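Undergrad: no sequence for this one, just the structure:
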């Protein structure tokens, strides 16, 4: 019998790569995406395009509203920081931090896994290029997995749930090389925190900087469209 | 400076008691309730009434939709079991189990605590009268707390978050005795899984059975209205 995995799919390049990895391991895929008060829907549109190309069994999109809680550039009107160097990006917790975001996303994934009789959840967190988010570290993922196995009927009945974070120790360049081998179409992915109305990436926010640096390391051209010509720092 | 606590408030008697306990310990209260595809809004109405009487600083109500995931009597059209004995209720995981519910609720509480600079979350889970839910056990709450302290900026910065579950080892009778001392108005609480259109409790579902048994143990009359005269088993 084919095993089913729940894959958190943001529309970014990491989660698109993780989806391809899960497929390459023989899982049937239930993709899970969120509308969470982003200033734009471009992320969800990208996720739908990626899910369609990958031929997932099901794509669940959940509306959640973190705006009621305030306090982040990704969900309110605080300006997204621009033009920071890789060294600046990798230190400290950025203003684009969304409180408890991965915990909320993984909680929904856990519910979906349980009702789908799935014992495997995949997510694209990364501890190297992790941009300062505490909930992207291996010790966090391990603690969530431990909690999840105490939380659910499946865990109580001995069907052990595994949280897979296959990109945890990879550089952005290594992730891209791996994804290209697996046939990921990175033109469908969106990393930019601040795309314009046409969907063009800014090239200048933390996410664009990390992405451009990754493609440069991988020695592969970035197929997404940028607002202006950008050279990776 | 007054410390702030986030209190998960379902509208039931346990969470109403927990709210009173948190207040008695000097916390300013942010109450957090959910509309999660219940078949009725009566729970949220009860929570609002309880929060108002307790004089909370803020009551946040979050809409989440677990119906997309299916698989529970509390969120779909499966019949609620009736007329089970206390022994039957306390064994096994009931059909009213909502997958990963407490994990999702606590995740939102964690986000709200972080943006509110609160280090304390209270919830009314109970391991004795726990009705078979795996996410009502002490080992689950401890594992969530551990994960939460790895998930957030506050945790990373050394401000330790505590999950308080003050009813964990108390019988329903003990909870009611404690709440009565703290001035909880149990007429405002709702336990029934299947109230009628007027809000009257059925007296016969697992939650009503446990509640009636608790009031009998406490030697206090239950002030809520039932559809018909019910004698506790």
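TA: Ah, there it is. Keep in mind that what you see is a predicted model, and the values were worked out from it rather than measured.

Undergrad: which residues of chain A score low on pLDDT?
TA: Within chain A, the set of residues satisfying pLDDT under 70 comprises A:1, A:37-40, A:66-98, A:129-131, A:228-233.

Undergrad: List the buried residues for the strand or helix carrying residue A:148?
TA: In the assignment (DSSP states H and E), residue A:148 maps to helix A:138-151. By neighbour count on 16 or more other CB atoms under 10 Å in any protein chain shown, the buried set for helix A:138-151 is A:140-141, A:143-151. For the C-beta atoms, the positions are set from N, CA and C on the backbone; glycine is no exception.

Undergrad: As CSV, the residues you listed with distance to residue A:28 would be great.
TA: As requested, these are exported to CSV (distance: CB to CB, whole Å):
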residue, distance to residue A:28
A:140, 27
A:141, 23
A:143, 28
A:144, 23
A:145, 21
A:146, 26
A:147, 26
A:148, 20
A:149, 22
A:150, 26
A:151, 24
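
Undergrad: Which members of these additionally contact chain B?
TA: A:140, A:143-144, A:146-148, A:150-151 (CB under 8 Å from any CB of the partner chain).

Undergrad: So which other helices or strands are in contact with the helix holding residue A:148?
TA: Helix A:138-151 sits against helix A:101-115, strand A:162-164, helix B:101-115, helix B:138-151, with contacts defined as 3 or more CB pairs under 8 Å, 6 or more residues apart in numbering or on different chains; DSSP states H and E.

Undergrad: Wondering if the longest strand anywhere in chain A reaches chain B at all.
TA: Longest strand in chain A, counting residues (DSSP state E): strand A:28-35. No: judged by CB under 8 Å from any CB, strand A:28-35 and chain B are separated, with a smallest distance of 10.0 Å.

Undergrad: Serialize the helices and strands packed on helix A:138-151 to a markdown table and add fields for distance to residue A:212.
TA: Shown next, in a markdown table, are the helices and strands packed on helix A:138-151 (distance: least, CB to CB, whole Å):
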| stretch | distance to residue A:212 |
| --- | --- |
| helix A:101-115 | 24 |
| strand A:162-164 | 27 |
| helix B:101-115 | 31 |
| helix B:138-151 | 29 |
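
Undergrad: which residues sit against stretch A:157-168?
TA: A:5, A:14, A:17-18, A:21-22, A:106, A:110, A:113, A:119-127, A:138, A:141, A:144-145, A:148-149, A:152, A:154-155, A:175 (CB atoms under 8 Å, 6 or more residues apart in numbering or on different chains).

Undergrad: I'd like to know which of those are buried.
TA: Neighbour-count burial within those applies to A:5, A:14, A:17-18, A:21-22, A:106, A:110, A:113, A:119-127, A:141, A:144-145, A:148-149, A:152, A:154-155, A:175; the criterion is 16+ other CB under 10 Å.

Undergrad: where's residue A:43, which helix or strand?
TA: Element membership for residue A:43 (DSSP H and E) is helix A:42-54.

Undergrad: just checking, what packs against that helix?
TA: On a contact count with 3+ CB pairs under 8 Å, 6+ apart, helix A:42-54 meets helix A:13-24, strand A:28-35, strand A:58-63.

Undergrad: Tell me who's in contact with the closest residue to residue A:29 other than its chain neighbours.
TA: Leaving aside its sequence neighbours, residue A:29 sits nearest to residue A:56 (CB to CB, 6 or more residues apart in numbering or on different chains; 4.3 Å). For residue A:56, the contact set (CB under 8 Å, 6+ apart) comprises A:7, A:19, A:29-31.

Undergrad: what's the closest of those to chain B?
TA: Comparing the contacts of residue A:56 against chain B with CB to the nearest CB places residue A:30 closest, at 10.5 Å.

Undergrad: Bridge partners for that closest one, pull those for me.
TA: Residues found in beta-bridge contact with residue A:30 (criterion: DSSP bridges) are residue A:6, residue A:58.

Undergrad: Since that was my last question, I'll sign off now.
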